[in-house]
Structure formats: C-alpha cells, structure tokens
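Asker: attaching a predicted model along with its sequence, questions to come.
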Amino acid sequence: MKLSLPLSFMLSSLLITLSSAAQAQCELSPSNLQASYQLTSSDNSPNVSSKNSSHTSKLNLWRQGNTVAHQYPQTDITESWFLLNNKQIKPTRFFDHYQRGIEYQPGEVVHGKSEHDWSYRYQFISDKLISQLTLSAETGKGCERQQVLTQTSANSKIELVWLPELQLINRFSWTKNQGKHQTHEQWQLTELSHDANKITAFFKQLNHYKMTDYADIGDDHSDEFLTKMVTLGFVEHGASGFYDTEGKAISDGHSHSH
C-alpha cells in the first residue's frame, strides 16, 4: 500500500530544509573585516638563554574590497596591497608614526622580487600551501565552520585551524626539530570585527598620509624622513607569512619578521 503525504506536510518539510540550509550559509563577507593576531615564537636551542628564547607580538589584518593591509603595532609600520583588475598587485608601505608612505608600482621589482601571490597577502598563508595540507577534522557551520589541516614530516609539523568561509586563519602552529634544537611558532586569532565604520576609518587615515613614489626616493636628498628610512632599511618589504616544512618563508624564501 502506497501512502500519499499531504501537500502541506511536504511544503512544511521543504521550508524547514531551506531554513536549515540558509542557517548553514555565512552572510559575512571575507573581503571586509579586521582580524587581530597574537604571534608567539620560541627557540629551545641549548645555546639560547631562557630569557631570550620566547617572543610575543601582535599583528592586525585589515581587508576592504580589493585592498588588504598588515599592521604591525610594535614598529608603527603598515604594509598594504591593492589587487588590480589585471591581477597585478600594487604594494604600499606606511610609516604610521610619521604619517608618511612609500608607493610602489604594480609588478615593480623591489630588492629582487615582485608581488605575485595575492592569497599570501590576503590571508597570511598561500593557497598553494593550504592545498598541500591534509584535512584531519571539520566542525561548525556557516561562518563558524572550521577545518583542521595538518602536514607532518620527519622533523617538522604544521597545523592550521582554518575558517574557509572567511578565508581566515583561526590558529597556525609550526614546529621544527633539528637535533636538540626546536623552533616553534604559533599565530592565534584574538579578535575579529566586521564593523564597516571602523574599517573605513582605518583606510581613510592611511589615505591622508603624505606619499612618495619609491622611484623618487634616490632623487630627494633633502627629505630627512626618506634618508632615515633608507638608512634603517625600512624601505625593503618584510615578509609576514608562514614557513614551509623546510623552514623557508612560503612567499619568497626570505625569513619573516614581526
């Protein structure tokens, strides 16, 4: 005997299913947010004193449309990148204490390298590295869905807790062992905001800085600020992403700084 379900019951079930699906979606935009991280690095080498073996710092990530910025509170430096329609990347470095900035041309080779990996700047970790990690767990729904991705080799281990809907790191851990020498680094998300007014105010402030084109720096010897920046070596970009299992920065092979 075949039972026929009432149409009203079928419609009600469909609405419940659609409602559940809607709840599982993330309505927050990954391209408009501010995220704060605490960075902790430790060096357990027998040759390093315990007083100097651990270091903690902070780093802020800002996104607004096709613009992303890495803000370093300890050094009053903010690095920003803009993704053009032709996929080229335009870098800018801001010196917040002086309210000055240095602009670079899209694709410009600066100190032997040019910007080409947008994902690395957008989320601190390249899509290439993420694709090399193994998914070991997944929890949550919608914006709170998170994946645990890992990679283990003979002497190192990477663990990434990833928020795929927001293209954002929740936690990143990297450990490398070389005999009795162990290096460990961890990034932990401590604050996340989608406050549009806060984000707009941050980028608006940067736009008010006095800007200088990188190509013009060598021509102006009367600007004490530029002379000081070049002397201190601040003009060269500092990497701000992650190591691979060989201990090299993912983007360009240079060690990164905080």
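Answerer: It's in. Small disclaimer: the values here were computed from a predicted structure and weren't measured.
Asker: tell me how many other residues crowd Glu165.
Answerer: Counted by other C-beta atoms under 10 Å, the residues lying close to Glu165 total 19. No exception for glycine: its C-beta is placed from N, CA and C like everyone else's.
Asker: next one: the closest residue to it other than its chain neighbours from Leu84, what distance?
Answerer: What sits nearest to Glu165 in space, not counting adjacent residues and going by C-beta to C-beta, 6 or more residues apart in numbering, is Cys26, at 3.8 Å. With distances taken as C-beta to C-beta, to the nearest Å, Cys26 is found 27 Å from Leu84.
Asker: do the same with Val109
Answerer: For Val109 relative to Leu84 (C-beta to C-beta), the value is 17 Å.
Asker: mind listing the strands for the stretch 51-200 of the chain?
Answerer: Using DSSP state E, counting those that start in this stretch, the strands found in the stretch 51-200 of the chain span residues 54-64, 67-72, 77-83, 89-95, 100-103, 134-139, 146-152, 156-163, 168-178, 181-193.
Asker: between Cys26 and Leu84, which is the more surrounded one?
Answerer: More neighbours surround Cys26 than the other of Cys26 and Leu84, with 15 against 11 (other C-beta under 10 Å).
Asker: which residues touch Phe225?
Answerer: Neighbour list for Phe225: Phe95, Tyr98, Arg100 [criterion: C-beta atoms under 8 Å, 6 or more residues apart in numbering].
Asker: wait, doesn't the last one sit right on Leu206?
Answerer: Which is Arg100. No - using C-beta atoms under 8 Å, Arg100 is not in contact with Leu206, being 10.8 Å away.
Asker: hang on, the earlier thing: please pick the buried ones from the contacts of Phe225.
Answerer: Buried members of those, counted by 16 or more other C-beta atoms under 10 Å: Phe95, Arg100.
Asker: give me the pLDDT value at Ile77.
Answerer: Looking at Ile77, its pLDDT is 89.
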